[in-house]
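Engineer: sequence? don't have it. structure:
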């Protein structure tokens, strides 16, 4: 039985007109089942959060290892590139060849014409904005305001 069904069964034990409890034994049983189900769901959420927190350090460690391996590969590639200096190399297990490419380097971005510049949308510094609003500053024209929310806490 899910929480919705339990709540409906609890309401069925109460007379809508008088508010009197029609079946106290069943109400106690359903109330206990509802409390148990809520507790189990909350405990499952805590378990999932703990698992996610346990994964984070592993993810960070793997990301660090990945970065180190990629840096090592890039370093060896630069070394090999300098050593071969454009010369082709081929064995049954590996082929090294070269291809030409072009890239643009810019010394001073501010001296380029506008048509070659791209601007990004501004990002809001929400932490600083929140502090300013709490200090009494108003930003009505921008629609910035504090909104109080009711967030569930499971410990």
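Structural biologist: Alright, I've got the coordinates. The structure presented is a predicted model; accordingly, all values stated were derived computationally and were not measured.

Engineer: Following the chain past the longest helix seen in the chain, name the next helix or strand.
Structural biologist: Longest helix in the chain by number of residues (criterion: DSSP state H): helix 24-84. Sequence-wise, the next helix or strand downstream of helix 24-84 (DSSP states H and E) is strand 89-90.

Engineer: residues contacting residue 22?
Structural biologist: 13, 14, 15 (CB atoms under 8 Å, 6 or more residues apart in numbering). C-betas here are computed from N, CA, C, even on glycine.

Engineer: Which of these has the largest number of neighbours?
Structural biologist: In terms of neighbours by other CB atoms under 10 Å, the contacts of residue 22 top out with residue 13 at 18 neighbours.

Engineer: so how many other residues sit close to the residue lying closest to it once chain neighbours are set aside?
Structural biologist: For residue 13, ignoring the flanking residues on the chain, the nearest one in space by CB to CB, 6 or more residues apart in numbering is residue 27 at 4.2 Å. Residues near residue 27, counting by other CB under 10 Å, number 17.

Engineer: Help me confirm that residue 27 comes into contact with residue 12.
Structural biologist: No - in this structure residue 27 lies outside contact range of residue 12 using CB atoms under 8 Å: 9.4 Å.

Engineer: Low-confidence ranges, this protein, go.
Structural biologist: 155 (pLDDT under 70).

Engineer: Report the distance from the longest helix of the chain to the chain centre.
Structural biologist: Centroid separation for helix 24-84 versus its chain: 11 Å, with CA atoms, centre = their mean, to the nearest Å.

Engineer: roughly how far apart are the residue of the chain positioned farthest from its centre and residue 25?
Structural biologist: With distances taken as CA atoms, centre = their mean, the residue sitting farthest from the centre of the chain turns out to be residue 18, at 49.1 Å. Note on residue 18: its distance to residue 25, by CB to CB, to the nearest Å, is 19 Å.
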